[in-house]
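# take this sequence and fold it.
(4 chains)
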2 protein chains.
Amino acid sequence: MNAVFRAIADPGRRELLDQLHIANGQTLTQLCQRLSMSRQAVSKHLGILARADLVIPLWRGREKLHYFNPIPLRRISEQWLDKYELSSARALIDLQRGLDALEPKEQ
Amino acid sequence: MNAVFRAIADPGRRELLDQLHIANGQTLTQLCQRLSMSRQAVSKHLGILARADLVIPLWRGREKLHYFNPIPLRRISEQWLDKYELSSARALIDLQRGLDALEPKEQ
DNA sequence: TTGACATGCAACCGTTTAGTTGCATATTAT
DNA sequence: ATAATATGCAACTAAACGGTTGCATGTCAA
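Presented below is the predicted three-dimensional model:
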């Protein structure tokens, strides 16, 4: 799961996911036409996304079509984010208590 | 929002969030006792988490209590993850189509 | 079969990152 | 007042990262 977190940490790679979200199954050349990144840069980013399973490449002759895979993001959501989401009210109450114990002088 | 993505990209910082999730409002010294990280390392990580608003520090005398703030994660969830979640079925169909157009020979 | 096209690979460079070490500051307790 | 405690700050190092350049490989089309 760490590979996914690292992969989505870069704005360029998130932009890349957005592109595939708009039009799935694009080639490397198509992607770098829209993204004002060099081919090599895009290629490296796609490699990182593929290693994180966020992108699945399919060879079609000399072209490599890139497909977005939503499963890793769902795992992040269910196995990580939700844990904090469920107790977020509790966390905010804790914070409020901390503030209450501190602020009386500042009134 | 980029600061949040970068903040949660590091496993040590995610561990730190987990600690605060278990017990909110801990001090720097308490946190590095449980985490087998040096004090300076934890301190730097807390700085990054605080700059991303994931942690809110409150001074109490010479102690600094650290509170987890769930709001940025909720924003990630609602303004970023959900976009992909909603169209995840579509993405999987696209991928299946790509596979179908390729695999007949491999049967 | 040859030239154009799509991509990969490897070396390199500058910057950022995570982490350490050493010292400084401020607060509490004796 | 002084010693112990809690934290901050600055400089430094090693590794990772994002990006570029140059060349190699494989596929299609004339």
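# going by residue numbers, what spans are helices in chain A?
With helices called from DSSP state H, chain A shows them at A:2-7, A:11-22, A:28-35, A:39-51, A:71-76, A:82-86, A:88-100.
# now mean neighbour count too, for these, in TSV please.
Quick note: C-beta positions are derived from backbone N, CA and C, even for glycine. Output for those, formatted as TSV (neighbours: other Cβ atoms under 10 Å in any protein chain shown):
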stretch	mean neighbour count
helix A:2-7	18
helix A:11-22	18
helix A:28-35	16
helix A:39-51	17
helix A:71-76	17
helix A:82-86	14
helix A:88-100	14
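# quick check: A:Gln26 touching A:Leu20?
Yes. Using Cβ atoms under 8 Å, A:Gln26 is in contact with A:Leu20, at 6.4 Å.
# common neighbours of those two, please.
Both A:Gln26 and A:Leu20 are contacted by A:His66, under the criterion Cβ atoms under 8 Å, 6 or more residues apart in numbering or on different chains.
# point out where chain A drops to low pLDDT.
Applying pLDDT under 70 to chain A picks out residues A:103-107.
# that one against DNA strand C: which residues are in contact?
A:Thr27, A:Leu28, A:Thr29, A:Gln30, A:Arg39, A:Gln40, A:Ser43, A:Leu46, A:Pro57, A:Arg62, A:Glu63, A:Lys64 (Cβ under 7 Å from any atom of the strand).
# at 10 Å instead, please
Residues of chain A lying close to DNA strand C (Cβ under 10 Å from any atom of the strand) are A:6, A:9-10, A:26-33, A:38-44, A:46-47, A:50, A:57, A:59-66.
# quick revisit: out of the helices of chain A, the one nearest B:Trp80 is which?
helix A:11-22 (7.9 Å; Cβ to Cβ).
# outside of that closest one, which residues touch it?
Applying Cβ under 8 Å, 6+ apart, the set of residues contacting helix A:11-22 is A:7-8, A:26, A:31, A:34-35, A:37, A:41-42, A:45-46, A:48-49, A:54-55, A:66-68, B:2, B:5, B:80, B:83-84, B:87, B:91.
# tell me the angle that helix makes with helix A:28-35.
Here the directions of helix A:11-22 and helix A:28-35 differ by 110 degrees (axes from the mean of the first three to the mean of the last three Cα atoms, to 10 degrees).
# helix A:11-22 and DNA strand D, are they touching?
Yes. Applying Cβ under 10 Å from any atom of the strand, one finds that helix A:11-22 is in contact with DNA strand D at A:Pro11, A:Gly12, A:Arg13, A:Glu15, A:Leu16.
# try stretch A:88-103
No. For a cut-off given as Cβ under 10 Å from any atom of the strand, stretch A:88-103 has no contacts with DNA strand D; the smallest distance is 13.0 Å.
# what of stretch A:30-44?
Yes. Using Cβ under 10 Å from any atom of the strand, stretch A:30-44 reaches DNA strand D at A:Cys32, A:Ser36, A:Met37, A:Ser38, A:Arg39, A:Gln40, A:Ala41, A:Val42, A:Ser43, A:Lys44.
# pull the CA atoms of that stretch into PDB?
In PDB, the C-alpha atoms belonging to stretch A:30-44 read as follows (Å, rounded to 0.1, in the frame of the first residue of the first chain):
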ATOM      1  CA  GLN A  30      -1.000  10.700 -26.400                       C
ATOM      2  CA  LEU A  31      -0.500  11.300 -22.800                       C
ATOM      3  CA  CYS A  32       2.600  13.500 -23.100                       C
ATOM      4  CA  GLN A  33       0.900  15.600 -25.900                       C
ATOM      5  CA  ARG A  34      -1.700  16.800 -23.400                       C
ATOM      6  CA  LEU A  35       0.500  17.100 -20.300                       C
ATOM      7  CA  SER A  36       3.400  19.400 -21.300                       C
ATOM      8  CA  MET A  37       5.800  16.900 -19.800                       C
ATOM      9  CA  SER A  38       8.600  15.200 -21.800                       C
ATOM     10  CA  ARG A  39       8.100  11.700 -23.000                       C
ATOM     11  CA  GLN A  40      10.700  10.300 -20.700                       C
ATOM     12  CA  ALA A  41       9.200  12.000 -17.700                       C
ATOM     13  CA  VAL A  42       5.700  10.700 -18.400                       C
ATOM     14  CA  SER A  43       7.200   7.300 -19.000                       C
ATOM     15  CA  LYS A  44       8.900   7.200 -15.600                       C
END
